[in-house]
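Engineer: Task: produce atomic coordinates for the following.
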Amino acid sequence: MIIRNAILGLFALVLLGGCSDPNAPIIANESKIVQLQIDGLKQGLSAGTLVNAVILKSYIDKTMVSNPEYKDILSSLAVQYTAKNGNLVSLEKRLANIGDVKQSSDAVADLENLKLASSKDIFNQTFMDEINTVAALSNGALQPLNLSENEPVVAGQNLVGNPTYGRWQSSSGGSFWAWYGQYAFFSSLFRPPFYNSWYYNRPWSYGYDRYNNNYGSRSWKNSETQTLDKNYKKVREYGKVNNKKPSAYATRTNGKVKATATGKGSSLSSVRKTTAKLGPSARKSSPYSSSSRSGNRSRSSRGGK
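Structural biologist: This is a model prediction of the structure:
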């Protein structure tokens, strides 16, 4: 109801300011498309037509039986294949807040990202991290998807950085990942990751590296940039102590990370491609790349993409 009222409000803006702002009709039309896509996702989750959501449910059901000690965390993850899915809830909030964007050109860019993020094919891939998390909890009974054989999966690690599951909190000049209450179980499985070292040693995450980086909200990207800025010196120190060259994960930018149409602009992944040696004055200079990891490992085939 809130989203539909927001869209009605946008249509009212078209009537009042359509002549003065050429973006007003675009905003109203794109908002309607995004709403229809979100409704379609809800129906797909209810009808069981989103393939990866069905796989997630199957994995959870099987692991509930084989590993009942994980019942609580599995029950929490089970929410993701329902209409209460964290990413779906986020899409609804972002659409409802489109009317709060001051610049109409920014609203158009945000809606382009929202349209991609709420498309069935892209949204279907957002279950990849949860599927692999449950696979890890199954103690080898279930196979992770789209991961190489020599790439270990530690339950919960690829959920770090995903705003559905927790947030970064400051500690001693750095930041550590604090799980939300229902997912706090993961903190007992491995040492709570610090943002500084996490940049060097972490598994690939569809939710963080692909979905949020490319199609995430402006507020999420701004928050990540601020965290990166705050920890920049710590990241460089970590590299020196461990006798490593500065990684692509240690890059930063003084410019704002901005959501852009088609998700091909200033994504966090492209920002990080600037070499760390440029230091605080570094700015994005390379075109968008779908991979946010350093080195030659291609992720183009990950997540069914």
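Engineer: Give me the domain ranges for the chain.
Structural biologist: Domain assignment for the chain by automatic domain parsing gives 2-137, 157-304.
Engineer: which one of the ones you listed has the lowest average pLDDT?
Structural biologist: Sorting those by mean pLDDT places domain 157-304 lowest, at a mean of 64.
Engineer: got the residue ranges for the strands in this structure?
Structural biologist: Taking DSSP state E as the criterion, the chain carries its strands at 166-171, 174-179.
Engineer: deepest of those strands, which one?
Structural biologist: strand 174-179 (a mean of 19; mean count of other Cβ atoms under 10 Å). (C-beta placed from N, C-alpha, C; glycine too.)
Engineer: Show me what the top helix by length along the chain is packed up against.
Structural biologist: Taking DSSP state H as the criterion, the chain has its longest helix at helix 23-47. Under the contact criterion of 3 or more Cβ pairs under 8 Å, 6 or more residues apart in numbering; DSSP states H and E, helix 23-47 touches helix 2-17, helix 86-96, helix 104-117, helix 120-124.
Engineer: follow-up on the earlier one: please tabulate the strands of the chain in TSV, including the columns distance to Gln103.
Structural biologist: Listed next are these as TSV, based on distance: least, Cβ to Cβ, whole Å:
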stretch	distance to Gln103
strand 166-171	27
strand 174-179	30
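Engineer: Looking at the ones you listed, which is nearest to Asp129?
Structural biologist: Ranking the strands of the chain by proximity to Asp129 (Cβ to Cβ) places strand 166-171 first, at 13.0 Å.
Engineer: Can you give the strand pairings for the closest one, parallel or anti for each?
Structural biologist: Here strand 166-171 has these sheet partners by DSSP bridges: strand 174-179 (antiparallel).
Engineer: what does the partner strand contact?
Structural biologist: For strand 174-179, contacts defined as Cβ atoms under 8 Å, 6 or more residues apart in numbering pick out 156, 160-161, 165-169, 185-187, 192-196, 198, 227, 230-231, 234.
Engineer: what about 10 Å?
Structural biologist: 156-157, 159-162, 165-171, 184-188, 191-198, 226-228, 230-231, 233-235, 238 (Cβ atoms under 10 Å, 6 or more residues apart in numbering).
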